[in-house]
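J.: Provided below for reference: sequence and predicted model.
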Amino acid sequence: MQKEFMLGNEAIARGAAEAGVRVVAGYPGTPATEIVDLCGSYPEVYAEWSANEKHAFEVATAASLTNQRAMAVMKHNGTNAATDFLMHVNFTGVRAGLVLITADDPGGLSSQCEEDTRILVHNYAHLPMFDPSSVQEAYAMTRAAFELSEKTELVFALRPVMRINHAGGLVETGELAAQSRPAEFVIDRKRFVMSAVVEKESGGELRPKMRHRWLNAKQAELKALMEESPFNHVEKAPGETGFIGCGIGYAFLKEAERIHGAKLPILKLSTLPLPEGKVLDFVRGLKRVVVFEEVEPVVENLLKQLCFEHKIVLEVLGRSGYLPKEGELSANLVLTAVEAALAGRPYPDPAAGKYVPARTRTQCSGCSHRGLLVALKEVVGKNGGVVTGDIGCHDAGTFEPMNLQATIYCMGSSIPMAYGIKKAGFAKPVYALIGDSTFFHNGLTGLASAIYNGGDITVVVAYNSTTAMTGFQPHPGSANNLNQPVAPIDPGAVAAAMGAKVFRCNPYNVEETAKVISEATAEQGVKVVVAEALCYLKFGREGRLSFTPRTVKVDEAVCNGCGLCVRTFGCPAITLADGKAVIEPSACNGCAVCVSVCKRGAMK
């Protein structure tokens, strides 16, 4: 055993490697992204970036059925995308250990929404989950999850939250797994073919009902395992008010206890299903319990149900109303709740905070998306059209100063929403703006639907050859995968094969891009504009640029301080000082897109 300082994602990857994982698949998504990259650094592990999370889950499950331990990695939005498969693999079960990493983002710090995947994975799919409270525990739980998955023949899920994935701490690690297993696929159609077929051996029952019964029968086994789990424990102390810390909630609770200065009755819960016996022993004799969990009242509701069934009178407080119903926990929030509960007071209403100007989300200096957004905004400004947006660096175009995209929901939604607006009778042009990684993730099916149903929209693909927003992971349109160089799949060629009219432009040339988008708009049917330029931040480091760098200066004699370059363009290198535009040389990357923005010609 040795101790190493690790981030949470490093600890999870290390735990998987020590457990003997051989296949890891995922799709980039903060806060879980680094896990796949790190797993790929172990020579004995095959790791890949799949086109989307559902595919990653399917790849990992197939490896499990081939007698190899496997892991699927995604954030909570990705678990939504994989839910169809989740609700089948829970019925079939697995062979070799299979772990699902479903990382949540309480507070939506880097996501479109905040969500609690415990509801989806445990309450809905009835699969077991671990909820780590520390980096060390994330490592230990990952190792244990593989063993228990194999023992129970079920997918085991690990639900770290942002503050665990990106936290750092000392981790006591072990040795890497040395054993290898033969890759064997044993055909068992009664188990692994999920179909509404009649099972003669079971008196004519349908197979889905049989497999559901199998899953339900597994719950007793899981409850017994969690009763003995080292990840749940009681910390005794005097008092009639107890506190339950779930996952990261336990870490905040222990910090609050230290600040409070006296020991508290605490039950640490980090598993689902709950260890019911341990829970009942803890609550007996208490008058009140406060549950700290991220972010929905999952454990709180299970505790209320358990107390009702066992006729225990107990006031159970938590996320259903006592604590804030939304947003992430913090040490201050938990401390405030602890002191209020001990005094028998309600949780105080938050004091109105002072307004602090927030930095506007934007692209990097030199980003090709900025030129594309400017060109698209120019076209839309003339024709009164609507732009539906998607996930990616370009989604900052919906905020100040661009104010371009009118909608942003989830991966790939831009295209169906664009043609849905047109089908509703909207007379003006509609555009769908989507990134290249998202196009391959979940844009292709929307494009097919739009073409098949006679849509009349313009789809703009921001093709920068990487998944830039999460740290430059490759995708099917990149010239490499996680392991080696590959031939990139051209989104324009795919769109043309599907029947779309394809146009191309370099978004660093604003005039050309606006002209191409206008030409595409004038055509009938589904048009796809491929705005292709390499991501400056990634490929610029390699000396590969899609523009010729030049020094841009402001002619103060021409500049009248109108502020158009700041108010509508938003490049971080440009500011206003003494009534004139100023370009900060250390921030400017010489893309010269701003030259097209200044209508007075002051930027040269």
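T.: Thanks, I have it.

J.: Please identify which helix or strand holds Val291.
T.: strand 288-292 (DSSP states H and E).

J.: Which neighbouring elements make contact with the helix or strand following that strand?
T.: Where DSSP H and E defines the elements, the next helix or strand beyond strand 288-292 is helix 298-309. If you count contacts as 3 or more C-beta pairs under 8 Å, 6 or more residues apart in numbering; DSSP states H and E, helix 298-309 packs onto strand 241-246, helix 276-283, strand 288-292, strand 315-317. Yep, even glycine has a C-beta here, placed from its N, CA and C like the rest.

J.: who does the first one pair up with?
T.: Based on DSSP bridges, the strands next to strand 241-246 in the sheet, each with its direction, are strand 266-269 (parallel), strand 288-292 (parallel).

J.: what sits up against the first one?
T.: To tie it back to what came earlier, the one meant is strand 266-269. Defining contact as C-beta atoms under 8 Å, 6 or more residues apart in numbering, one finds that strand 266-269 is touched by 131, 133, 231-235, 237, 242-246, 250, 253-254, 257, 275, 278-279, 282, 299.

J.: From the residues you listed, keep the buried residues only.
T.: Neighbour-count burial (16 or more other C-beta atoms under 10 Å) applied to the contacts of strand 266-269 gives 131, 133, 231-232, 235, 242-246, 250, 253-254, 257, 275, 278-279, 282, 299.

J.: Could you pick out the longest helix of the protein?
T.: The residue-count maximum for a helix in the chain (DSSP state H) belongs to helix 207-227.

J.: Count the neighbours of Glu58 for me.
T.: Residues near Glu58, counting by other C-beta atoms under 10 Å, number 18.

J.: Please read the previous query as pertaining to Gly579.
T.: Burial of Gly579 is recorded as 11 neighbouring residues (other C-beta under 10 Å).

J.: Helix, strand, or coil at the closest residue to it other than its chain neighbours?
T.: Leaving aside its sequence neighbours, Gly579 sits nearest to Gly561 (C-beta to C-beta, 6 or more residues apart in numbering; 4.0 Å). Under DSSP: H, G, I helix; E, B strand; the rest coil, Gly561 falls in the coil class.

J.: So what's the residue count around Gly561?
T.: Residues lying near Gly561 (other C-beta under 10 Å) number 14.

J.: so it makes contact with Ala577?
T.: No: assessed by C-beta atoms under 8 Å, Gly561 is found out of contact with Ala577, at 9.5 Å.

J.: how about the strands paired with strand 241-246, which one is nearest Leu154?
T.: strand 266-269 (19.7 Å; C-beta to C-beta).

J.: ranges for the helices of the stretch 251-400 of the chain?
T.: Remark: helices assigned in the stretch 251-400 of the chain by DSSP state H, counting those that start in this stretch are 276-283, 298-309, 331-342, 368-383.

J.: Which elements pack onto the first one?
T.: For helix 276-283, the elements it packs on are helix 207-227, strand 233-235, strand 241-246, strand 266-269, helix 298-309, judged by 3+ C-beta pairs under 8 Å, 6+ apart.

J.: Out of these, flag the one nearest Arg345.
T.: Among the helices and strands packed on helix 276-283, strand 241-246 comes nearest to Arg345, with 11.5 Å by C-beta to C-beta.

J.: could you check the angle helix 276-283 makes with that closest one?
T.: 150 degrees (axes from the mean of the first three to the mean of the last three C-alpha atoms, to 10 degrees).

J.: List the buried residues in stretch 498-514.
T.: 498, 500-510, 512-514.

J.: swap that for stretch 425-436, please
T.: Residues of stretch 425-436 classed as buried by neighbour count (16+ other C-beta under 10 Å): 429-436.

J.: Restricted to strands, list the residues you listed.
T.: Taking DSSP state E as the definition of strands, the buried residues of stretch 425-436 contribute 430-435.

J.: how far away is Leu86 from His310?
T.: 31 Å (C-beta to C-beta, to the nearest Å).

J.: Have a look at these two and say which one is more surrounded.
T.: Counting neighbours by other C-beta under 10 Å for Leu86 and for His310 shows that Leu86 has the greater number, 24 against 13.

J.: secondary structure element for that one?
T.: In this structure, Leu86 sits in helix 83-92 according to DSSP H and E.

J.: Show me how far the helix or strand following that helix is from its chain's centre.
T.: Downstream of helix 83-92, the first helix or strand assigned by DSSP H and E is strand 98-103. Averaging C-alpha positions (C-alpha atoms, centre = their mean, to the nearest Å) puts strand 98-103 12 Å from its chain's average.

J.: counting contacts, what elements does strand 98-103 pack onto?
T.: When contacts are defined as 3+ C-beta pairs under 8 Å, 6+ apart, strand 98-103 packs onto helix 53-65, strand 70-75, helix 76-81, helix 135-152, strand 156-158.

J.: pLDDT averaged over the second one - what is it?
T.: Regarding strand 70-75, the rounded mean pLDDT is 98.

J.: what angle sits between that strand and helix 135-152?
T.: 130 degrees.

J.: ok, residues contacting strand 70-75?
T.: Under the contact criterion C-beta under 8 Å, 6+ apart, strand 70-75 has outside partners 16, 21-27, 29-32, 35-36, 39, 53, 56-57, 59-61, 63-64, 81-82, 96-105, 111.

J.: And for the first one?
T.: Helix 53-65 is touched from outside by 22-27, 29, 48, 50, 69-74, 78-79, 81-82, 84-86, 89, 94-98, 100, 155, 185, 192, with contacts defined as C-beta under 8 Å, 6+ apart.

J.: Mind checking which of these are buried?
T.: 22-27, 29, 48, 50, 69-74, 78-79, 81-82, 85-86, 89, 94-98, 100, 155, 192.

J.: where does this protein dip in pLDDT?
T.: Within the chain, no stretch has pLDDT under 70.

J.: Got the domain ranges for it?
T.: 2-227, 233-342, 368-542, 548-604 (automatic domain parsing).

J.: now those domains as TSV including distance to Tyr355?
T.: TSV is the format used below for the domains of the chain (distance: least, C-beta to C-beta, whole Å):
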stretch	distance to Tyr355
domain 2-227	19
domain 233-342	18
domain 368-542	15
domain 548-604	21
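
J.: I'd like to know how far Ala183 sits from Val155.
T.: Distance, Ala183 to Val155, by C-beta to C-beta: 20 Å.

J.: whoops, Arg361 was the one
T.: Remark: distance between Arg361 and Val155 (C-beta to C-beta) = 35 Å.

J.: next one: Val171
T.: For Val171, the distance to Val155 - C-beta to C-beta - is 24 Å.

J.: buried stuff in the helix or strand containing Ala495?
T.: Take DSSP H and E as the rule and Ala495 turns out to sit in helix 491-498. Buried residues in helix 491-498, defined by neighbour count with 16+ other C-beta under 10 Å: 491-492, 494-495, 498.
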